[in-house]
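K.L.:
Here is a sequence together with a model predicted from it:
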Amino acid sequence: MTAGSVDVAVNLLWCVPGKVGGSEEYLVRQLGGLGDVDTEFVPTLYCLAAFADAHPDLAERFVVEAATIDGHNRARRVAVEHTWLHRRTGAAAIVHHGGGTVPARPRGPVVLTIHDLQWLTYPDYVASVKRRYLEWTVPRSVGRADVIAVPTDYVRHTVIEAFDAHPDRVVVVPHGVESNRDIAQGNSAAVRARYGVAELPYVVFPAITHPHKGHRFLLDVMAAGWGDVVAVMLGGRGAADDDVSAAISELGLAERIVRPGRVPAADRDALIAGAEALVFPSEYEGFGAPVIEAMTLGTPVLASDRAALAEVVGDAGLVRPLVVDAWIDALDTVRTRRADLVAAGNVRAAAFTTAASGDALADAYRLALAVRA
C-alpha cells in the first residue's frame, strides 16, 4: 500500500460464479467502480479460484487470494471463513463481507452487504435448510456489522425493520451498469438470427427460473393476450424450471417461447437491444439490475410493482401490478410510448453507473471507519 491508503479485505468466498444470481454482478461491478474512482481504499479479494478465473479484469486490478475450496459446500465455506479467512484478514483496516453474513469473531470495522431479504418475505420459496441457516445467521451478522450496505431504499427499510438495525448505519450502495449500446445494437441483427427471432417481434425476460421471478405469470399473459410476440427467456435452471416447462406445454406456447438458457453477456445485451421490451414480472427484487441494463441499451421496460422494482424503474418504464388483465394492453402502451420511454430510460440509467456505485461503496467504508473511531 502507498502512504495514506487503507487496506480493505473483501470476502467473496460465497460467490460461486454463475450460481448466485445478480449478487455476483452487483459486487463485481461495484468493485470495478471502486477501482475506477479516486479513493484511499485498496481492496484485496479473498475468493474462489473459479471467481478469479471468471473475472480476470478484477484479478488484474486487485490483489487476489484464492481459497482451496470450490464453494459448493456451505459448511466447508463457513469453516474456511472462520479459519483461513480470519487469519489472513487480521491486518486489514476494514473487512467487507459481500454475501449477507459475517463470521463469528469478526475483526472490525466490518461492512456487510445484504442484497435482499427475500427469504423473509417468501420463506416458502427457500429450501428449509437454507432458510434455517439464514434465520440463525443473518440477525447475528447484522449485529456484528458496523455498516450494512444495501442496493435500494426498499431493502434498507426492510433491514432496519426486521433486525432493529441503526438507521444511520444502513446505507444504499446502488448497482452500477455501464452501457455498451452501440456494440449491442450493432450486433443485434446477427444475434437475433442466431437465436431464431430474426423476423419476429419479441420480448426478453432474463431471469433464472426461480419461483419468485414470475415466469408462470408471463406465460399466462402470453396466452391471454400477447398473441403477436415471442418471449425469449434467458437464464439458468432454477427451482421452478420443471413447472415452467410444464406450463409452456399446458398453455400451448411451445412455438412462441425461446429458451436458450444462459447465454454470453454480449448475446444477452444484443437480444435485449433488439427487443420490443424487457419484461420483468418478478414478485421480489432487492434491486432488479436487468431493468437498468435494458435502459442503457435503449429498450423500454415493463416491470411489476413489487418490492424494489417500482423504486428502481421510477418513471422511466411501465410498472404494473401482477394481475394478468393489467398487463394485457401494456405492450401496446410500450409501443405507443416507445420513444418517450427510451429517452426517460437514458436519463434514469445515468444515475446507476459503476463509478457512482464505487463512490457509494467508498462512503460506506469511510462510515465504518468513523463508527469505530
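P.N.:
Perfect, thanks for sending it.

K.L.:
Now the residue lying closest to A254 once chain neighbours are set aside: which helix or strand?
P.N.:
Computed as CB to CB, 6 or more residues apart in numbering, the closest residue to A254 that is not its neighbour in sequence is I248, at 5.8 Å. All C-beta spots, glycine's among them, are computed from the backbone N, C-alpha and C. For I248, the host element (DSSP states H and E) is helix 241-250.

K.L.:
one step back: just the pLDDT at the residue nearest to A254, thanks.
P.N.:
Note on I248: pLDDT of 97.

K.L.:
I'd like to know how far it sits from D220.
P.N.:
11 Å (CB to CB, to the nearest Å).

K.L.:
and the two? which has more neighbours close in?
P.N.:
I248 (22 against 17; other CB atoms under 10 Å).

K.L.:
show me the contacts for that one.
P.N.:
Residues in contact with I248, defined by CB atoms under 8 Å, 6 or more residues apart in numbering, are 219, 254, 257.

K.L.:
and if you look at R74?
P.N.:
For R74, the contact set (CB under 8 Å, 6+ apart) comprises Y133.

K.L.:
Would you confirm that H86 contacts V102?
P.N.:
No: contact criterion CB atoms under 8 Å: H86 and V102 do not qualify, at 11.3 Å.

K.L.:
Of the two, give the one with the bigger neighbour count.
P.N.:
V102 (25 against 16).

K.L.:
Was I right to think that one contacts R144?
P.N.:
Yes: assessed by CB under 8 Å, V102 is found in contact with R144 at 4.4 Å.

K.L.:
what residues do those two have in common as contacts?
P.N.:
110, 112.

K.L.:
Doesn't V8 lie inside a helix?
P.N.:
No: looking at V8 with DSSP: H, G, I helix; E, B strand; the rest coil, it is strand, so not inside a helix.

K.L.:
what's the distance between it and A275?
P.N.:
V8 sits 39 Å away from A275, taking CB to CB as the criterion.

K.L.:
next one: D7
P.N.:
44 Å.

K.L.:
neighbour count winner among the two?
P.N.:
A275 (25 against 16).

K.L.:
Quick one: residues contacting that one.
P.N.:
Contacts for A275 (CB under 8 Å, 6+ apart) come out as 202-204, 232, 294, 299.

K.L.:
any idea how the chain splits into domains?
P.N.:
6-176+354-372, 181-349 (automatic domain parsing).

K.L.:
In JSON lines: the contacts of I248, plus distance to A330 and neighbour count.
P.N.:
Output for the contacts of I248, formatted as JSON lines (distance: CB to CB, whole Å; neighbours: other CB atoms under 10 Å):
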{"residue": "L219", "distance to A330": "15", "neighbour count": "21"}
{"residue": "A254", "distance to A330": "24", "neighbour count": "10"}
{"residue": "I257", "distance to A330": "18", "neighbour count": "20"}
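
K.L.:
tell me which of those is nearest to S304?
P.N.:
L219 (14.7 Å; CB to CB).

K.L.:
isn't the closest one right up against L253?
P.N.:
Yes: counting by CB under 8 Å, L253 is a contact partner of L219 at 6.1 Å.

K.L.:
ok so, going back, can you give the strand pairings for the next helix or strand after the helix holding I248, parallel or anti for each?
P.N.:
Moving toward the C-terminus from helix 241-250, the next helix or strand (DSSP H and E) is strand 257-261. Note on strand 257-261: by DSSP bridges, its sheet partners are strand 230-234 (parallel).
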